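**Q** Here is my input; please provide its structure:
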Amino acid sequence: MSSSNDDPMANAISKIKPLLSKMTFGSVIGYCSGTAAKTVGKALAIGIGFIYIAVQSAAYSGYIDVNWDKVQKEAISKIDTDGDGKITEEDVQAYWAKLKKMLTYNLPSASGFSIGFLYGLRG
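**A** Numbering: from 1, shown residues only. Here you go, the predicted model:
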């Protein structure tokens, strides 16, 4: 049997030992939630992209008329939390606060959730 020095996984675990000691249940759950959000976000982006291509193709071919200015104003008004007519950092912060409150509700150790979520989105 080979020693742990020859085992790549054992070496990797030893190298990240300081990180492992700082991991919390909240950070692990945050990472998993971020990964799930990233996957759902990609699926939504693909779906919205397909819908846009279909509508724009129909408009280009003369089958329908689309008032994109009206569509834009309506879409922004639905997600603009502060009513300024723009999607700003404040709007994104407000949505993040709502999402974090929901996802950490009754979570016994929510410390590290945000950083885990961010890593999940980036990974």
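**Q** Could you report the distance from the nearest residue to residue 55 once chain neighbours are set aside to residue 60?
**A** With Cβ to Cβ, 6 or more residues apart in numbering as the criterion, residue 55 has its nearest non-adjacent residue at 6.1 Å, and that residue is residue 66. C-beta: built from backbone N, CA, C; applies to glycine. The spacing between residue 66 and residue 60, counted by Cβ to Cβ, to the nearest Å, is 10 Å.
**Q** And for residue 32?
**A** From residue 32 to residue 60 the distance is 42 Å (Cβ to Cβ).
**Q** just residue 120 next, same as before
**A** Plainly put, residue 120 is 38 Å away from residue 60 if you go by Cβ to Cβ.
**Q** more neighbours, residue 66 and residue 60?
**A** Ranked by neighbour count (other Cβ atoms under 10 Å), residue 66 and residue 60 place residue 66 first, with 13 against 10.
**Q** Could you look up the SS state of the more buried one?
**A** Following DSSP: H, G, I helix; E, B strand; the rest coil, residue 66 is assigned to coil.
**Q** shaky segments in the chain?
**A** Within the chain, the segments meeting pLDDT under 70 span 1-5, 18-22.
**Q** got the contact list for stretch 6-26?
**A** The contact list for stretch 6-26, computed with Cβ atoms under 8 Å, 6 or more residues apart in numbering, reads 4, 5, 104, 107, 108, 109, 110, 111, 112, 113, 116.
**Q** Now intersect these with the helices, please.
**A** 113, 116 (DSSP state H).
**Q** farthest-separated two in the contacts of stretch 6-26?
**A** Spatially, the most separated pair among these is 5 and 104, at 40.4 Å (Cβ to Cβ).
**Q** okay, the two: which has more neighbours?
**A** residue 104 (19 against 8).
**Q** ok, the more buried one - contacts?
**A** By Cβ under 8 Å, 6+ apart, the neighbours of residue 104 are 26, 110, 113.
**Q** Go through the lengthiest helix in the chain and flag the buried ones.
**A** Secondary structure of the chain per DSSP H: the longest helix is helix 25-60. By neighbour count on 16 or more other Cβ atoms under 10 Å, the buried set for helix 25-60 is 26, 27, 29, 30, 31, 33, 34, 35.
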